[in-house]
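**Q** Starting from these lines, generate the structure:
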Amino acid sequence: MTVNQFTSGSSWGGQGVAVFERDKLLLGQPARMVYFDLFTTDPDLGGMLPSDLDGPLPPDGEPNHFVQIDDQSWGYAPSDQLQIWDFKVNWEQPFCLHVHPGRVLPVAAFDSEMCNASRNCIPQPGGASVMPSPIA
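**A** This is a model prediction of the structure:
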């Protein structure tokens, strides 16, 4: 699991990552969680997403992969890219979290800023560009 963290004044607090004891969760048993605050590793990280498992299990010992986007227009990276982070917990020593940061995967150029920070520039069926209605 990942979280974008904010301090008590709504200031940016960095990226947080949590790893859960999956085997216990699947059995409905109490499970442990290990949390890692990446702010001291890189305060510019945010929006990271964990991988999702659909299909056969990976080989034993395989870490979980998390992906961080880097839009070149943010000034963080020289070009648009994805960073692949690996996280692995040793549940015999749960505070021994192995973190392997930032393998870079080059991608085609993209712009993550859509609509000039508004949300009403995406064409909808019928031709209108609308802003979604708030949920009541």
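**Q** what's in contact with the lowest-mean-pLDDT helix or strand in the chain?
**A** Using mean pLDDT, DSSP states H and E, strand 97-106 stands out as the lowest-scoring helix or strand of the chain, at a mean of 77. By Cβ atoms under 8 Å, 6 or more residues apart in numbering, the residues outside strand 97-106 that reach it are 19, 34, 36, 41-42, 63, 68, 77, 79, 81-90. Glycine gets a C-beta too; all of them are placed from N, C-alpha and C.
**Q** Take these and keep only those in helices.
**A** Assignment to helices by DSSP state H places none of the contacts of strand 97-106 there.
**Q** quick one: which of those residues sit in strands?
**A** 19, 34, 36, 68, 81-89 (DSSP state E).
**Q** just to revisit the earlier point, among the contacts of strand 97-106, name the buried ones.
**A** Burial by neighbour count, judged by 16 or more other Cβ atoms under 10 Å, picks out 19, 34, 63, 68, 77, 81, 83, 84, 85, 86, 87, 89 from the contacts of strand 97-106.
**Q** beta partners for the nearest residue to residue 43 once chain neighbours are set aside?
**A** Taking Cβ to Cβ, 6 or more residues apart in numbering, and ignoring the residues beside it in sequence, residue 43 has residue 14 as its nearest neighbour in space, at 5.3 Å. Listed beta-bridge partners, residue 14: residue 5 (assigned using DSSP bridges).
**Q** how about a markdown table for the ones in strands among the contacts of strand 97-106, with pLDDT and distance to residue 101 added?
**A** As requested, those are exported to a markdown table (pLDDT from 0 to 100; distance: Cβ to Cβ, whole Å):
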| residue | pLDDT | distance to residue 101 |
| --- | --- | --- |
| 19 | 87 | 15 |
| 34 | 88 | 16 |
| 36 | 87 | 11 |
| 68 | 88 | 9 |
| 81 | 88 | 13 |
| 82 | 89 | 13 |
| 83 | 88 | 7 |
| 84 | 90 | 9 |
| 85 | 90 | 5 |
| 86 | 88 | 8 |
| 87 | 86 | 10 |
| 88 | 84 | 13 |
| 89 | 85 | 16 |
